[in-house]
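Engineer: I'd like to go over a predicted model; first the sequence, then the structure.
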Amino acid sequence: WLVYRFARLLLETSGLRDAAPAGSLLATALYAGYAAPVFYAGFLLMATVSTTTFLLAAWQAVRAVERPTRRNWIVLGLLTGLAGLARGNVLLLLFTLPLVLWHRPETRGRRLRLAALFAAGVLAMVTPVTVRNMIVARDFVLLTSNAGINLLIGQQASGGGIFKPVMGAPEAEHDPSMEMSLEWELGRDVKGSEVSRTLARRAWETFRDDFASMPAHYARKVWRFWSGYELPQIAAYDHWHPRFWSLRVMPVPYLLFTAVGLAGFLVLPVRARWIIGLLVGTYFLSLLPFFPTSRYRQPIAPLLAVSTAVWLLAVVGSRSRLSGWSGWPRPLARSALLRLLGVTAALVLVLWPSWTALDPAEVLWQVKMHEASRAGRLGKWRETLVHGAAAEAARPGIAETPFRLALYLEDAGALPDA
């Protein structure tokens with residue numbers, strides 16, 4: 001419903017009023033046919049909340065551009081702040097979203113006032129969480145204190161642009177935030193903000209000391225972010241997708257959103273291109289210093305579904321028999337159509353999922369170790385052993401397998417086996 005409302009309003013206010021009914025229905029159908037959101041909703045992961053709140057903010061952004069009233073910009077700030085509570089990187093919109101005002105015939109003073117109201121709305125949503133952190137932890141933490149560790153992970157060039165623990169297996173298992181390690185190193189208790197600042201400083205030092213590797217490292221992260229491959233972390237969508245008929249019948253791959261959706265920017269009206277481009281671009285850049293995964297990039301899928309739908313309408317509208325159905329204002333010139341198809345074909349080739357796919361044995365190992373961990377927490381020690389044996393069979397001889405399995409068995413109460 002939100003995808004439909006967002007697409008309908010965006011297309012109507014961008015000069016594609018006749019194409020808006022077909023375009024909004026098509027965008028909705030495309031997103032409804034994408035199985036990953038269903039998969040992550042079943043795992044109760046934050047991707048569902050962050051996608052919903054980001055889409056709400058995007059919808060309100062279109063309304064705020066169309067009618068730049070004080071109320072609309074305050075509400076936009078509140079919804080952007082709400083999206084930031086789900087994923088803190090979204091707060092980068094605080095600095096970029098007001099740029100859409102420069103496409104409105106407003107005075108400089110009015111633009112600044114509306115931008116200030118937008119910032120006030122964001123702060124009004126974020127401040128209660130910050131105050132709560134100060135009361136509970138006696139520490140100034142805006143939202144969470146995990147930016148430092150994730151920045152440090154994001155600078156590990158040896159990881160190939162994916163998540164990789166920054167410590168050895170035992171330390172990473174016991175201390176994923178590295179808080180205990182820093183306390184041992186410094187010989188005193190440390191607060192969350194100090195942990196984050198220290199690790200952020202080490203992330204910068206890693207970036208600086210390994211600067212020669214960073215261009216290739218960041219290029220890999222960009223490639224993995226836009227690739228059609230659903231990069232696993234915590235949950236492996238590509239592993240489970242063929243195992244559930246309810247996911248198999250949903251036919252839309254992420255490659256359609258990236259290759260066709262990005263090419264669709266070429267035929268989007270200027271206002272729609274500016275709004276979607278700013279939202280998608282800001283979200284992408286906000287994740288670039290960290291690391292890409294399938295669930296992290298999910299919030300931009302609904303927006304790319306709209307540009308994908310516009311691409312399809314433009315191509316269909318270029319055939320005179322169907323132009324009335326599509327509502328496309330005029331057929332594309334032959335040269336423009338060929339350029340559009342050429343760009344799309346090039347993006348499909350570059351972003352083809354198998355180019356960035358992980359080794360299936362490595363993914364299976366991750367899946368089985370997660371299942372062993374879950375079974376251990378539930379006290380099912382026999383099931384823990386079964387999943388541990390399957391992980392060992394997937395990647396024989398990995399020292400981390402028996403170490404983690406021992407911890408999971410300990411959780412299950414099977415101390416002799418542990």
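Structural biologist: Looks like it came in fine.

Engineer: now for Phe54, how many residues are close by?
Structural biologist: For Phe54, the neighbour count with other CB atoms under 10 Å is 27. C-beta: built from backbone N, CA, C; applies to glycine.

Engineer: report the central residue of this protein.
Structural biologist: Centroid-nearest residue in the chain: Arg297, 2.1 Å away (criterion: CA atoms, centre = their mean).

Engineer: go ahead and confirm that one touches Leu287.
Structural biologist: Yes: with contact taken as CB atoms under 8 Å, Arg297 and Leu287 are classed as touching, separated by 7.2 Å.

Engineer: point out where this structure drops to low pLDDT.
Structural biologist: Flagging of the chain using pLDDT under 70 yields the residue ranges 103-104, 167-176, 318-326.

Engineer: could you redo the last one with a cut-off of 50?
Structural biologist: Across the chain, the ranges flagged by pLDDT under 50 are 169-172.

Engineer: the residue nearest to the centre of the chain should be in a helix, yeah?
Structural biologist: Yes: in this structure, Arg297 lies within a helix as judged by DSSP: H, G, I helix; E, B strand; the rest coil.

Engineer: please name the nearest non-neighbouring residue to it.
Structural biologist: Phe225 (5.9 Å; CB to CB, 6 or more residues apart in numbering).

Engineer: show me what counts as buried in the strand or helix carrying that neighbour.
Structural biologist: With secondary structure defined by DSSP states H and E, Phe225 is part of helix 214-226. Judged by neighbour count using 16 or more other CB atoms under 10 Å, the buried positions of helix 214-226 are His217, Tyr218, Arg220, Lys221, Trp223, Arg224, Phe225, Trp226.

Engineer: neighbours of the residue nearest to the last one when sequence neighbours are not counted, just the number please.
Structural biologist: So that's Trp226. For Trp226, ignoring the flanking residues on the chain, the nearest one in space by CB to CB, 6+ apart is Thr258 at 4.9 Å. Thr258 sits with 23 neighbouring residues when counted by other CB under 10 Å.

Engineer: quick one: contacts for Thr258?
Structural biologist: Trp226, Ser227, Gly228, Leu304, Leu347, Leu351 (CB atoms under 8 Å, 6 or more residues apart in numbering).

Engineer: output those as JSON lines; include the columns distance to Phe207.
Structural biologist: As requested, those are exported to JSON lines (distance: CB to CB, whole Å):
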{"residue": "Trp226", "distance to Phe207": "22"}
{"residue": "Ser227", "distance to Phe207": "23"}
{"residue": "Gly228", "distance to Phe207": "28"}
{"residue": "Leu304", "distance to Phe207": "29"}
{"residue": "Leu347", "distance to Phe207": "29"}
{"residue": "Leu351", "distance to Phe207": "26"}
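
Engineer: among the residues you listed, who's most crowded?
Structural biologist: Among the contacts of Thr258, the one with the most neighbours (other CB under 10 Å) is Leu304, at 26 neighbours.

Engineer: for that residue, what are its contacts?
Structural biologist: Going by CB under 8 Å, 6+ apart, Leu304 touches Phe257, Thr258, Gly261, Leu262, Val280.

Engineer: do the same with Val136
Structural biologist: So, once contact is read as CB under 8 Å, 6+ apart, Val136 ends up touching nothing.

Engineer: now it: how far from Lys191?
Structural biologist: With distances taken as CB to CB, to the nearest Å, Val136 is found 12 Å from Lys191.

Engineer: backbone phi and psi for Gln233, please?
Structural biologist: The phi and psi torsions at Gln233 (degrees, to the nearest 10) take the values phi -170, psi 120.

Engineer: excluding chain neighbours, what is closest to it?
Structural biologist: Residue nearest to Gln233 in three dimensions, not counting chain neighbours: Thr293, with 4.1 Å by CB to CB, 6+ apart.

Engineer: dihedrals phi and psi, that neighbour?
Structural biologist: Comment: the main-chain dihedrals of Thr293 come out as phi -140, psi 170, following degrees, to the nearest 10.

Engineer: pretty sure it contacts Leu231?
Structural biologist: Yes: Thr293 lies in contact with Leu231 (CB under 8 Å); the separation is 5.0 Å.

Engineer: with that, I have no additional questions.
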